[in-house]
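In: can't give you the sequence, but here's the structure:
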């Protein structure tokens, strides 16, 4: 995974969420973000039917 | 009675007057005092409350209930009146004490059980290790240099070490089944929505479950029965009648169709995990291999839902008190905040698809077997291990075999299998939604036959 792209996402996203990332945290955050994007890619490649409902807990 | 006397035997002895609740509680508290410095399972011992409860029970002369006089403890994300609900964190130490016990504690006490304390756990339940940066790790009673497993590590350590015969934990991605595997115990993760989660600190509402640990299937079933029943205070709790199982677990397994999961569930498994799975399958005559479709993708979906819901839950604390988190938890949660919503929605859509596939499989099988963990307990502090030939981080990957199952809320009993190496390992017995009875019958058959049992640790008592 492109480390520079992950760093750019950390740099752009964390201030928007009001999270102050210390330099010494970055490598671990990047590693976990890479793992999550790997899982996200696996999911987004899934060919699911358009009409399939998501499975939230809420019931009216 | 020793620390390893089953809960049902304790209850029978108290009910018959062969011993008193006070004697049982005093023995239990003495054992906790001796062994907790070694195992670090308890964060609070409610000795005064337990002694008062036992004394009142003995004085009343009414010793009723299937768990009468049985000591138990709960993971410290479950509300105990008078204690701050820590959920393994430093931050929650600032929370006011809970004003009431969680409903599951109330129900166990209505069955006669006596709470003796709150148990160590991984911070905010986001770990599989049993390590805790603030309290120190809970330790594996079979080798105190090794992980208890997480996140209900204190629950595994306390029951595995014989400090209590029963404990409660929570399981979002494997947090009952992993410590049950590492500490050599029976653990039940019921169907999603079966047991109320009211009065517990959440982690991932879409996936959170509560359930019991025990050293025998009879104890597990008895505790589970005592806790069943609808509770409107938990929006995920399903309004359906209780299905008592304790009287059914010995009814045999004749006619049950049992398969053993292959593919994803064997890739990466250590020789110990495969040997345990194969021993259980052989004992049950389960010769068919079951292919669970897209299990890896199911695990990915569980991972995405977990990291994003967890990040949303803790975002305010990440903003204001980042330095008070366990660094391993904080950094994962910050990463979770940055995962796009497209992945989360797709994960929830995939959840629907995967559920349909699994329900179809349960038309062919009554139960499916799978490893609970890929290996026996790693060393405390170990950061990586080898899975399927690849070096991987330990913390996110211990749950590779549990995550796809809890993802769709299937009930599972984890059964302990002793290994030649001296460390136990667990096997999951997975059934269709609401069929805890089948999983417990199979677990009981394995216990009676001898393949599954909670081994005694070599702790000095």
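Out: Structure received. The structure presented is a predicted model; accordingly, all values stated were derived computationally and were not measured.
In: what does chain A put close to chain B?
Out: Residues of chain A lying close to chain B (CB under 8 Å from any CB of the partner chain) are A:9-10, A:13-14, A:17-22, A:25, A:28-33, A:35-40, A:42-44, A:46, A:48-49, A:52-58. For glycine as for every other residue, the C-beta is placed from the backbone atoms N, C-alpha and C.
In: Buried subset of those as a PyMOL selection?
Out: In PyMOL, this line selects whichever of these come out buried by 16 or more other CB atoms under 10 Å in any protein chain shown:
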select buried, chain A and resi 9+10+13+14+19+21+25+28+29+30+31+32+33+35+36+37+39+40+42+43+44+46+55
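In: For stretch B:287-299, which residues meet the burial criterion?
Out: Buried, per 16+ other CB under 10 Å, within stretch B:287-299: B:290, B:292, B:294, B:295, B:297, B:298, B:299.
In: Among those, which one sits closest to chain A?
Out: Ranked by distance to chain A (CB to the nearest CB), those are led by residue B:297 at 5.6 Å.
In: what about that closest one, helix or strand, and which?
Out: Using DSSP states H and E, residue B:297 sits within helix B:295-320.
In: So which residues on the stretch 251-400 of chain B come close to chain A?
Out: B:294, B:296-297, B:299-301, B:303-304, B:307, B:315, B:318-319, B:322, B:327-328, B:330-332, B:334-340, B:342-343, B:345-353, B:355, B:393, B:396.
In: Please indicate which of those are buried?
Out: B:294, B:297, B:299-301, B:303-304, B:307, B:315, B:318, B:322, B:328, B:330-332, B:334-340, B:343, B:346-353, B:355, B:396.
In: Now residue A:28. Nearest residue, chain neighbours left out?
Out: Distance criterion CB to CB, 6 or more residues apart in numbering or on different chains; nearest residue to residue A:28, sequence neighbours excluded, is residue B:331 at 3.9 Å.
In: Check the stretch 1-150 of chain B for the residue nearest chain A and tell me.
Out: Residue nearest to chain A within the stretch 1-150 of chain B: residue B:126 (10.8 Å; CB to the nearest CB).
In: Show me the shaky parts of chain B.
Out: In the predicted model, chain B carries pLDDT under 70 at residues B:460-461.
In: residue contacts, the most centrally placed residue in it?
Out: Central residue of chain B (CA atoms, centre = their mean): residue B:176, 1.8 Å from the mean position. By CB atoms under 8 Å, 6 or more residues apart in numbering or on different chains, the residues touching residue B:176 are B:152, B:155, B:169, B:170, B:187, B:188, B:189, B:209, B:211, B:213, B:414.
In: and what of residue B:370?
Out: So residue B:370 contacts B:260, B:261, B:265, B:277, B:292, B:401, B:405, B:427, B:428, B:430 (CB under 8 Å, 6+ apart).
In: one more time with 7 Å, if that's ok
Out: Residues near residue B:370 by CB atoms under 7 Å, 6 or more residues apart in numbering or on different chains: B:261, B:265, B:401, B:428, B:430.
In: Just those: which are in strands?
Out: Taking DSSP state E as the definition of strands, the contacts of residue B:370 contribute B:261, B:428, B:430.
In: quick revisit: can you put the buried residues of stretch B:287-299 in CSV and add distance to residue B:72?
Out: Below are the buried residues of stretch B:287-299 laid out as CSV (distance: CB to CB, whole Å):
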residue, distance to residue B:72
B:290, 35
B:292, 34
B:294, 38
B:295, 34
B:297, 38
B:298, 33
B:299, 32
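In: Could you pick out the longest helix of chain A?
Out: If you go by DSSP state H, chain A has its longest helix at helix A:26-44.
In: wait, isn't residue B:172 in contact with residue B:127?
Out: No: the pair residue B:172 / residue B:127 is not scored as a contact, 10.8 Å apart, by CB atoms under 7 Å.
In: would residue B:14 count as being in a helix?
Out: Yes: counting by DSSP: H, G, I helix; E, B strand; the rest coil, residue B:14 is part of a helix.
In: ok, the residue nearest to it when sequence neighbours are not counted - contacts?
Out: Distances taken as CB to CB, 6+ apart place residue B:69 nearest to residue B:14, at 3.3 Å, with adjacent residues excluded. Residues near residue B:69 by CB under 7 Å, 6+ apart: B:10, B:11, B:14, B:21, B:24, B:54, B:57, B:63, B:112, B:114.
In: Pretty sure the third one sits against residue B:22.
Out: No: between residue B:14 and residue B:22 no contact is recorded; they are 9.7 Å apart, counting by CB under 7 Å.
In: Would you mind telling me which of the two has more residues around it?
Out: Shown here are residue B:14 and residue B:22; by other CB atoms under 10 Å in any protein chain shown, residue B:14 has more neighbours (26 against 20).
In: Alright, that wraps it up for me.
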